[in-house]
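K.L.:
Next one to model:
(one chain, ligands or ions: 1)
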Amino acid sequence: MAAGCAFRRALLGGALALGAAPLGAQQPARRLTQAEAQYEPRPRGIAMCAACTLFVRPNLCKQVEGEVAPDGWCKLFDMVD
Ligand code: SF4
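P.N.:
A predicted model of the protein is given here:
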C-alpha cells in the first residue's frame, strides 16, 4: 500500500516536473487572431470592447490576440450585464 502511494507520488511529481497539467485540468483555449475574430477598430452600435466581458483595460482582450481599442468590436462580443 505504501509502495503504491509512493509510486503515484513519483508519477505525479514527474508529470509536474515535465510541465504536464494535473489530471482534470483544462487546457486554456487558444486566443483568436484579430482576423479570425473579425475584429474591427470601430463599434457596432453600442457593442464595443469597453462594454464586453472579455475586455481587459486599457487595450487587451482575453480571447483575441494583440491590442484592441475600447471602441473596437469583434464577433465574440459579450455584453457586460
Ligand atoms: S468585442 Fe471582441 S475584441 Fe473586443 S473585448 Fe470583446 S471579445 Fe475582445
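K.L.:
Give me the secondary structure label for the closest residue to G66 other than its chain neighbours.
P.N.:
Distances taken as C-beta to C-beta, 6 or more residues apart in numbering place Q34 nearest to G66, at 5.7 Å, with adjacent residues excluded. C-betas here are computed from N, CA, C, even on glycine. Under DSSP: H, G, I helix; E, B strand; the rest coil, Q34 falls in the coil class.
K.L.:
was I right about Q34 contacting E67?
P.N.:
No. Between Q34 and E67 there is no contact under C-beta atoms under 8 Å: 9.3 Å.
K.L.:
who's more crowded, the two?
P.N.:
Q34 (18 against 12; other C-beta atoms under 10 Å).
K.L.:
For the more buried one, give me its contacts.
P.N.:
Neighbouring residues of Q34 by C-beta atoms under 8 Å, 6 or more residues apart in numbering: V64, E65, G66, V68, C74.
K.L.:
for those, which one is nearest the ligand?
P.N.:
Of all the contacts of Q34, C74 has the smallest distance to the ligand: 3.3 Å, by C-beta to the nearest ligand atom.
K.L.:
what about the closest one, how many residues close to it?
P.N.:
22.
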